[in-house]
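A.B. asks: coords please:
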Amino acid sequence: MCSILGYHNTKLSKEEVALYNLKMSHRGPDDSTVKVYNFKSKNLFLAHNRLSIQDLESHANQPMENSRYVMVFNGEIYNHLELRKECHYSFFTHSDTETLLALFLTFGIEKTIEKLIGMFAIALYDKHEERLYLIRDRVGIKPLYWSFQKGEFIFASELKGFASYLKEQRSNKALISLMSLGYVPSDNSYYQDIYKLKPAHYLVFNGESVEINNYWKLPSNKIDISYSEAVEETERLIRSSVEYRLLSDLEVGSFLSGGVDSSLVSAVMQNISSQPIKTFTIGFEDSNYNESVYAKEVAKHIGSNHYEYIFGVNDVKALLEDFDTYYDEPFGDASALPTMLLSKFTKEHVTVALSGDGGDELFLGYDRYFITQKYYQLFKKFPQFSRNILSALCTISNRDKLEKIAYPLKHLSKENLYSVISTATKPWELESVFSKDFVYDSFKEVNFLSLQGIDNFNETDTFDNFSKIDFHRYLVDDILTKVDRASMRYSLEARVPLLDHRLVEFAYRLPTELKLQNGAKSILKEVLYKYVPKELIERPKMGFAVPLKTWFRGELKDILYAKIESMDEPFNQKYLKKLFDEHQKGKNHEYLFWNLMRVK
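C.D. replies: Below is the predicted model:
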């Protein structure tokens, strides 16, 4: 894993670009290089920090070039060795970087991308046509930011690669979305005029203008298949995906929480491997948040060498000092803290680890899908005037959970119900957190879809629709961002077998009723139970939760209040203090407060 960086037509010197490149050296501590190329009679600086995984020798360092292309690349191409057989090319390394260069030379841009199984953020400069291409993998596992300001074009793996003069203005739209969702969605960043390249897109810069193209989409048609056939094909794809992701010149381990997804990935990995694999978990001192005992039982059954670290509040406080530095833009998922601890602990033993992310989106594992459907069907049985009365009663109930459903009772929609479960600040509460004018200067209308940057909604299939929204937004901008920054903070490469695009395509071709035939995520569970006994897995889903609610009434109480005191416009400080008092008295605003703590 690595970082990439590029500046074109910049006032910065090569030495200054090298300093910005070094700000991302945690992503690649094994080599740091900057080279300069001529692009439309102006300097193009291409920079790279390398974490050596395949071909550990220096001849595989980047930027790497051939007769036509120069490339810097972050990621892994797992099928690159078999793709080499399709190229008439003299290879000097066994790195996937050189394979990509050969593929682009042989097949061009789009045909090469179609062939790739992997995760990637690529910058490719065509010396013949004088064009720069930025390419991001189908799912968005690897980050890639870009900007085109006043004739200067810049790209980087992280925002810290951008010079400070490019980050002078905060995006109001991003700030509002952050306070609701806990992340900055879609192609926006926290800074005005700096963008994420969307997953499954490539950008073409000709020296004067930018063009962005979409090269892959989720399938829209469903297939007619039996449940047993679906289970069989899912297992085949998972085994293939895991096997591909064992390609490395360094040892590969696996995260293991004891839940369905990580247990499945670890069990399949152990089944494929000839030696005991290394599995890693962390646990909380607080038993209410500790799943490590379940991970230990799964590890014992599959026969892995299991490593466990138990942490407490002081471990988390130590991380807070540089948390925002490594996440660059405000990031509202507090489970990033244990993910960072897990990554730090894992890196002490291996350099590559498999992660189980993606199963809930692909195979309908989130409770919020079921809760939204249940209450929508219930509430729509009541006429509007009855719901208006119930809404009014909920508003004055002084009970936290009832107050939260008051608005969707009156304004019934699946999106509003989903917002109750999935957002820190409900869309209808934003004009209280901020001034009303501030909110509506950025959004014509404020709802769950507009905050996500989504135009339409399929009312007919709640499960399929929300899973696709999560796939395109929550998965990319929260889950994968969390794992990427946490693992890269400690120079650990995290690979995600359940997000192999072949498995993704197959999962989204399965009809919803088939996925739910035996309950939530039943297809994945059927595969898992071939490797791990059901009794080791069947229990309520816990997740990577952090006891923020308690901390904001104890260890972090004073820090939180000081943050609220420091907030001026566009925030409504009076309203925030009201929420603070409510939280101390028993209501729960933990996620809103965590997002607020991240604002800069």
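A.B. asks: I454 versus F363, what's the distance?
C.D. replies: 22 Å (C-beta to C-beta, to the nearest Å). Using the backbone N, CA and C atoms, a C-beta is placed for each residue, glycine as well.
A.B. asks: okay, the two: which has more neighbours?
C.D. replies: For F363 versus I454, the count of surrounding residues by other C-beta atoms under 10 Å is larger for F363: 25 against 17.
A.B. asks: and the more buried one, what is it in contact with?
C.D. replies: 507, 515, 521-524 (C-beta atoms under 8 Å, 6 or more residues apart in numbering).
A.B. asks: show me which of these is closest to K534.
C.D. replies: Nearest to K534 out of the contacts of F363 is S522 (C-beta to C-beta; 11.7 Å).
A.B. asks: tell me the pLDDT of that closest one.
C.D. replies: We have a pLDDT of 97 for S522.
A.B. asks: try Y289
C.D. replies: Reading off the model, Y289 has pLDDT 65.
A.B. asks: for A562, same thing?
C.D. replies: pLDDT, A562: 96.
A.B. asks: next SSE downstream of the helix or strand encompassing it?
C.D. replies: Applying DSSP states H and E as the criterion places A562 in helix 557-566. As assigned by DSSP H and E, the chain's next helix or strand after helix 557-566 is helix 573-584.
A.B. asks: where do the strands sit along the stretch 451-600 of the chain?
C.D. replies: Using DSSP state E, counting those that start in this stretch, the strands of the stretch 451-600 of the chain run over residues 493-495.
A.B. asks: could you give the angle of the helix holding A562 to helix 573-584?
C.D. replies: Angle of helix 557-566 versus helix 573-584, following axes from the mean of the first three to the mean of the last three C-alpha atoms, to 10 degrees, is 160 degrees.
A.B. asks: of the contacts of F363, which is the nearest to E158?
C.D. replies: Nearest to E158 among the contacts of F363, with distances taken as C-beta to C-beta, is A507, at 29.7 Å.
A.B. asks: what helix or strand is the closest residue to the closest one other than its chain neighbours on?
C.D. replies: Of all residues not flanking A507 in the chain, L362 sits nearest, at 3.9 Å (C-beta to C-beta, 6 or more residues apart in numbering). Assigned by DSSP H and E, L362 belongs to helix 359-363.
A.B. asks: how about that helix as PDB, C-alpha atoms only?
C.D. replies: Taking C-alpha atoms only, helix 359-363 is exported to PDB below (Å, rounded to 0.1, in the frame of the first residue of the first chain):
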ATOM      1  CA  GLY A 359     -21.200  -8.100   4.100                       C
ATOM      2  CA  ASP A 360     -24.000  -6.100   5.600                       C
ATOM      3  CA  GLU A 361     -24.500  -3.900   2.500                       C
ATOM      4  CA  LEU A 362     -24.300  -6.800   0.000                       C
ATOM      5  CA  PHE A 363     -26.400  -9.300   1.900                       C
END
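A.B. asks: related to what we said a few turns ago, what about the residue nearest to A507, how many residues nearby?
C.D. replies: Counted with other C-beta under 10 Å, L362 comes out at 25.
A.B. asks: how is the chain carved up into domains?
C.D. replies: As assigned by automatic domain parsing, the chain contains the domains 2-214, 227-364+469-536.
A.B. asks: so how far is the first one off the chain centroid?
C.D. replies: The one in question is domain 2-214. Per C-alpha atoms, centre = their mean, to the nearest Å, the displacement of domain 2-214 from the mean C-alpha position of its chain is 18 Å.
A.B. asks: can you give me the mean pLDDT across the helix holding L362?
C.D. replies: Summarised as a single mean, pLDDT over helix 359-363 is 97.
A.B. asks: ok now that helix, how far from the chain's centre?
C.D. replies: That offset, for helix 359-363, works out to 14 Å (C-alpha atoms, centre = their mean).
A.B. asks: got a winner among the contacts of F363 for most neighbours?
C.D. replies: L524 (27 neighbours).
A.B. asks: that one - nearest residue in space that isn't next to it in sequence?
C.D. replies: F363 (4.9 Å).
A.B. asks: ok, the one you found to F471 distance?
C.D. replies: For F363 relative to F471 (C-beta to C-beta), the value is 11 Å.
A.B. asks: again with K198
C.D. replies: Taken as C-beta to C-beta, the span from K198 to F471 is 13 Å.
A.B. asks: low-confidence ranges in the stretch 51-200 of the chain?
C.D. replies: Low-confidence segments of the stretch 51-200 of the chain (pLDDT under 70): 55.
A.B. asks: before we move on, what about the stretch 501-600 of the chain?
C.D. replies: 540-545.
A.B. asks: that one: helices as residue ranges?
C.D. replies: With DSSP state H, counting those that start in this stretch as the criterion, the stretch 501-600 of the chain has helices at 501-509, 512-515, 522-528, 548-551, 557-566, 573-584, 590-598.
A.B. asks: and those helices: which comes nearest Y145?
C.D. replies: helix 590-598 (18.1 Å).
A.B. asks: packing partners of that closest one?
C.D. replies: Helices and strands touching helix 590-598, by 3 or more C-beta pairs under 8 Å, 6 or more residues apart in numbering; DSSP states H and E, are helix 172-181, helix 548-551, helix 557-566, helix 573-584.
A.B. asks: follow-up on the earlier one: could I get the helices of the stretch 501-600 of the chain as CSV with distance to D324?
C.D. replies: Shown next, in CSV, are the helices of the stretch 501-600 of the chain (distance: least, C-beta to C-beta, whole Å):
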stretch, distance to D324
helix 501-509, 31
helix 512-515, 38
helix 522-528, 35
helix 548-551, 16
helix 557-566, 12
helix 573-584, 19
helix 590-598, 6
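A.B. asks: and of those helices, who's closest to L181?
C.D. replies: Closest among those, once you apply C-beta to C-beta, is helix 590-598, at 8.6 Å.
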